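S.K.: sequence first, predicted coordinates after that:
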Amino acid sequence: MRQLLRKILPHMLLIILLSVLYPAIIRPLYELIQRSLYDKDEVYIGLLNFINFFDTPGLSAAVKNSFFVTTLSTIITVILAFFLAYSVTHTRIWGKKIISSLVMLPLFAPSLLPGIGLVYLFGTQGFFKFLLGGHELYGPLGIILGLVIFALPHATLLLITSLRGINQQLYQAASALGAGELRKFITITIPNARYGIISAIFVSFTLSLGNFGVPKVLGGTYYVLATELYAQVIGQLNFGVGAVISLFLLLPTCITLLLNIWVRKAQDRLSAKKTVSHSEIRFSPLRDAVCALIAYSVTICLVAVVGVVVLASFMGFWPYDYSFGLTNYSFEDMAFGFSPLINSMKLAVSVAFFGTAFMFVGAYLSERMYPSALLSKIYRSIMLIPLGIPGMVLGLAYIFAFNRPEAMLPLYGTFILLVINTIVHFSTVAHLTCSDSLSHLDRNYEHVGRTLNVSPIVTFFKVIVPSCKMTLFDVFLYLFINAMTTLSAVVFLSAGDSMLASVMVMNVYNTGSLGYAAAMCSYIMLITGFLTCVRVMIRENKKGSI
Amino acid sequence: MPSETYLELQDISKTYASKTVLHKTSISINQGEFVCCLGPSGCGKSTMLNSISGIITPSSGKVLLQGKDITFLPPEKRKCGVVFQSYALFPNLTVAQNIAYGLRGKEWNKKNILNRVFELLTLMNLESYEKKYPSNLSGGEQQRVALARALAPRPSLLLLDEPLAALDAKIRMRLGEELRRLQQQLGITTIMVTHDQQEALDLANRIIVMNQGQVEQVGTPEEIYQSPKTKFVAQFVGNINFIIPPNSQNKKEIAIRYEDVRLNYLTELRLQEEGTFVARIEEIRYLGNTIRVRLLLQDHITEIYADCIRSNRDLYTLNNLVSVNLPRASWQSWE
């Protein structure tokens, strides 16, 4: 009996988790696709929405605009990110650690922040407006700048990992065979980072295409798909067209998924055994000078954009009233007061706690409990889907799935739905981090437990969880920070009592109270930044004790 | 064999942060020699090899190649062939492209490169692998490609960093033989780093034994094995007992190799001989071609191991009392 239970239990648990994923991921997407075939009054109209979409001049312009700004910003982002990553991993310039930390700054801020920062710097009243040479910030130029700032940390992180993963002995072998710096760069660095570069391109493209905060603040009358989607759904309640736009936003994801399979196959050839070896980066003044110039200026720009928002939040009314003070921070004349911030923190804690628990258990069951290969495969495949769904699309899909009387679960407008939605939005990275860490643990831990006649549950809590402590903390932090800063997914779901800080930033910005928006951004960064510092300190401590 | 000094290290030191991994090491190597650098992991042997290839620059000291100071010469100017433990084959290039990687410059036109690559593929028995990628090869095959790549530009010095460590025992032995044959055939001066004493004894003309960043002894395999200069060398190469013989006057510790300990039937006559004791067999292990016996000597304190050939089967029985002879000639001791 016990034997049987032991065999069935993992399968049962995984099936339970899968049955949670159905209403959380699969069903909303299904409803989204279905809704694209219905009109405003929920009458089936076939492909009419798609036909109308291309006939409406505003919408087809939005498609063009979106692809233009996204393509251009992706190119700029990846080039800059490559220089940054290369400077950090392959040069001898000063302050590599500082650069790699500062570049990550935008990750800790709400997605509206790059926009607000750019407005302060280059807007109509901006300090550095003259640098734009008479060009208008609001429009494609501003959107591209904002998207670059927004996507740069993600692309840089990917490329740093990719460049750092290159076996150092390849360079040593090439040197011994007489290759110079340039030849090593062309024959080793570029080919080995090729797939990192490709994924950086796709990630930047997908993130930028689905980004809502930047074009919202900097778009002006220049409409892109994300702002058009918001206008159609919130402004005109035109859900059918909204669904069609959503499908458009999903397009690059589908391409990415297909390419990913191909990339992964090719990548296998490159993923050689990694060897850590003492290697000295050679002194090369030209290389270091070029890299330093680019890395330092990019870093300074990023810090300026974030910094000006923090600075402005302490001013009376930038740029008219420079009186220093905390008036913006009191939220006195704001109807909501501090409640959005408290809501956001509640959301972040719930998302981080339940999300980490769910992802870890799911990853454990699919990675280590050897349930039927098919079940694990299904679970793992489903967990990859959320990565490709832009936040706004996910939010809209949730409206379709839950905002109707006959909806499967009566969750609309509740805090719980916000939590589920946010967990799903960021679940892929959390899941992959957990799986990766679990797959690196010794394969035999469970067998040891079993041979000593210890229940697998005891082994799970006494061995597996403690061994993954740091990973769990990292996943917790990742979910927390993203829940604090995200705007795109929750913009459709957060209202009234459940108003969130990041959505509040947008609303306040719309009413022209830039100072309050800046203060709210600063609060959010203070919280996320503080937690990150705690994590760094724990890491450092650990290093010391071992 | 010409015995002029080809490569010389003078007082090489290397310090990382606060840790000294190589401490004032000096060695000299003759043209055409096969030298093995032997030592436990972390003894600085790889660091020494890397300062010869130029991958690292020593903190102090000099590297002389045929009398020329090359301490600060970058690796690409030194023309050393290097084989790494991980092989470091370029994953994005085919076997042929890997081998051709170092063939650049005026003397290498297309035809020459093709010929040279073909020559090496043949030499290494890799003819059918030309167009394959490294990830499709077995460990032993990758190793041969790495060797071919290092040899392609006709280096005058071949540096091998634990080249056989990642291979199975059988393949290791075969590749070791191939390596030795190749080295003799090409007459190329070769330095190999290894932590495997058997490999070093087997392949080298001379062995440099290193420990904690310093050279312990330099000598032929026979010298290293028969007359180790320090206790460390004796311990590291082969198996050796350290004992204070019972009845010894000065209570001085001596060392004797397992295979030099003689076991025999216990007879009155034998006990008369010098350095012969009564002992009890405590443990017997079959090592295949030999038997390893653990013995407790008559003082009930001293334990000693003996490696014996498998004759006199009835002698090797647990708890048997036997006579143990420690021939004076094979005693070793250090101050």
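M.R.: That came through fine.

S.K.: wait, what's in contact with the residue of the stretch 201-335 of chain B found nearest chain A?
M.R.: The stretch 201-335 of chain B approaches chain A most closely through B:G213 (14.0 Å), counting by C-beta to the nearest C-beta. (Glycine included, C-beta is placed from N, CA and C.) Residues in contact with B:G213 (C-beta atoms under 8 Å, 6 or more residues apart in numbering or on different chains) are B:20-23, B:25, B:43-44.

S.K.: give the full set of residues in contact with residue 47.
M.R.: Went with chain A since none was named. Going by C-beta under 8 Å, 6+ apart, A:L47 touches A:L37.

S.K.: hm, I was asking about chain B
M.R.: Applying C-beta under 8 Å, 6+ apart to B:T47 gives the contacts A:278, B:14, B:21-22, B:56.

S.K.: quick one, longest helix in the chain?
M.R.: Assuming you mean chain A. The longest helix of chain A (DSSP state H) is helix A:57-90.

S.K.: right idea, wrong chain: chain B
M.R.: Chain B, longest helix under DSSP H: helix B:169-186.

S.K.: so which bits of that one are buried?
M.R.: Neighbour counts over helix B:169-186 (16 or more other C-beta atoms under 10 Å in any protein chain shown) mark B:171-172, B:175-176, B:178-179, B:182-183 as buried.

S.K.: quick check: the residue lying closest to B:L126 once chain neighbours are set aside vs A:A176, distance?
M.R.: Spatial nearest neighbour of B:L126, excluding adjacent residues (C-beta to C-beta, 6 or more residues apart in numbering or on different chains): B:R144 at 5.9 Å. Distance of B:R144 to A:A176, computed by C-beta to C-beta, to the nearest Å: 18 Å.

S.K.: these two - which one has more neighbours?
M.R.: Counted by other C-beta atoms under 10 Å in any protein chain shown, B:R144 and A:A176 do not tie: A:A176 has more neighbours, with 28 against 25.

S.K.: the more buried one contacts B:E76, correct?
M.R.: Yes: contact criterion C-beta atoms under 8 Å: A:A176 and B:E76 qualify, at 7.5 Å.

S.K.: follow-up on the earlier one: would you mind checking the contacts of B:G213 for buried ones?
M.R.: Of these, these count as buried by 16+ other C-beta under 10 Å: B:20-22, B:25, B:43-44.

S.K.: dump the longest helix of chain B to PDB, restricted to CA.
M.R.: The C-alpha coordinates for helix B:169-186 follow below in PDB (Å, rounded to 0.1, in the frame of the first residue of the first chain):
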ATOM      1  CA  ALA B 169      42.800   3.800 -18.100                       C
ATOM      2  CA  LYS B 170      43.100   1.700 -21.200                       C
ATOM      3  CA  ILE B 171      43.000   4.600 -23.700                       C
ATOM      4  CA  ARG B 172      45.400   6.500 -21.400                       C
ATOM      5  CA  MET B 173      48.000   3.800 -21.700                       C
ATOM      6  CA  ARG B 174      47.700   3.500 -25.500                       C
ATOM      7  CA  LEU B 175      47.800   7.200 -26.000                       C
ATOM      8  CA  GLY B 176      50.800   7.500 -23.700                       C
ATOM      9  CA  GLU B 177      52.700   5.000 -25.800                       C
ATOM     10  CA  GLU B 178      51.700   6.900 -29.000                       C
ATOM     11  CA  LEU B 179      52.900  10.100 -27.400                       C
ATOM     12  CA  ARG B 180      56.200   8.600 -26.500                       C
ATOM     13  CA  ARG B 181      56.700   7.100 -30.000                       C
ATOM     14  CA  LEU B 182      55.700  10.400 -31.700                       C
ATOM     15  CA  GLN B 183      58.100  12.400 -29.500                       C
ATOM     16  CA  GLN B 184      61.000  10.200 -30.400                       C
ATOM     17  CA  GLN B 185      60.000  10.200 -34.100                       C
ATOM     18  CA  LEU B 186      59.800  14.000 -34.200                       C
END
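
S.K.: so A:I481 touches A:R535, yeah?
M.R.: No: in this structure, A:I481 is not within contact of A:R535 by C-beta under 8 Å, at 10.2 Å.

S.K.: which of those two has more neighbours?
M.R.: Neighbour count, other C-beta under 10 Å: between A:I481 and A:R535, A:I481 has more, with 23 against 15.

S.K.: where does the more buried one sit: helix, strand or coil?
M.R.: Counting by DSSP: H, G, I helix; E, B strand; the rest coil, the backbone at A:I481 sits in helix.

S.K.: can I assume A:F212 is in contact with A:A226?
M.R.: Yes: applying C-beta under 8 Å as the test, A:F212 and A:A226 come out as touching, 4.4 Å apart.

S.K.: mutual contacts of those two, please.
M.R.: A:392, A:488.

S.K.: more neighbours: which of these two?
M.R.: Taking other C-beta under 10 Å, A:F212 and A:A226 do not tie; A:A226 has more neighbours (29 against 25).

S.K.: confirm that the more buried one sits in a strand.
M.R.: No: assignment of A:A226 by three-state DSSP gives helix, placing it outside any strand.

S.K.: give me every residue that touches the residue in chain A positioned nearest to chain B.
M.R.: Nearest residue of chain A to chain B: A:L177, at 3.2 Å (C-beta to the nearest C-beta). Residues near A:L177 by C-beta under 8 Å, 6+ apart: B:76, B:101-102, B:149-150, B:153.

S.K.: may I ask which of those residues has the most neighbours?
M.R.: The residue in the contacts of A:L177 with the most neighbours, by other C-beta under 10 Å, is B:R149 (31 neighbours).

S.K.: tell me the contacts of it?
M.R.: A:173, A:177, B:89, B:98-99, B:101-102.

S.K.: now the angle from whatever helix or strand it lives in to helix B:169-186?
M.R.: For B:R149, the host element (DSSP states H and E) is helix B:139-151. Using axes from the mean of the first three to the mean of the last three C-alpha atoms, to 10 degrees, the inter-axis angle of helix B:139-151 relative to helix B:169-186 is 20 degrees.

S.K.: count of neighbours near B:R292?
M.R.: For B:R292, using other C-beta under 10 Å, the count is 16.

S.K.: that one belongs to a strand, doesn't it?
M.R.: Yes: the assignment for B:R292 is a strand, going by three-state DSSP.

S.K.: before we move on, the earlier item: most widely separated two among the buried ones among the contacts of B:G213?
M.R.: For the buried ones among the contacts of B:G213, the maximum inter-member distance is 12.0 Å, found between B:T20 and B:C43 (C-beta to C-beta).

S.K.: grab the nearest non-local neighbour of the residue of the stretch 1-150 of chain B at minimum distance from chain A.
M.R.: Among the residues of the stretch 1-150 of chain B, B:G102 lies closest to chain A, at 3.2 Å counting by C-beta to the nearest C-beta. Among residues not flanking B:G102 along the chain, A:L177 sits closest, at 3.2 Å (C-beta to C-beta, 6+ apart).

S.K.: return the residues in contact with the closest residue to B:Q142 other than its chain neighbours.
M.R.: In space, B:Q142 comes closest to B:Y87 once its chain neighbours are excluded; the distance is 4.8 Å by C-beta to C-beta, 6+ apart. Applying C-beta under 8 Å, 6+ apart, we find B:Y87 in contact with B:134, B:142-143, B:145-146.

S.K.: rerun that using 10 Å as the cut-off
M.R.: Listed by C-beta atoms under 10 Å, 6 or more residues apart in numbering or on different chains, the contact partners of B:Y87 are A:167, A:169-170, A:173, A:272-273, A:275, B:98, B:134, B:137, B:139, B:141-147, B:149, B:163, B:166.

S.K.: can you check B:L318 too?
M.R.: Each residue near B:L318 by C-beta under 10 Å, 6+ apart is listed here: B:280-284, B:293.

S.K.: let's see that with 8 Å instead.
M.R.: Counted by C-beta under 8 Å, 6+ apart, B:L318 has contacts B:281-284.

S.K.: likewise B:G102?
M.R.: Taking C-beta under 8 Å, 6+ apart, we find B:G102 in contact with A:176-179, B:149-150, B:152-153.

S.K.: where does it sit: helix, strand or coil?
M.R.: Three-state call for B:G102 (three-state DSSP): coil.

S.K.: tell me which helix or strand the closest residue to A:S73 other than its chain neighbours sits in.
M.R.: Leaving aside its sequence neighbours, A:S73 sits nearest to A:L147 (C-beta to C-beta, 6+ apart; 3.8 Å). Here A:L147 sits within helix A:140-164, counting by DSSP H and E.
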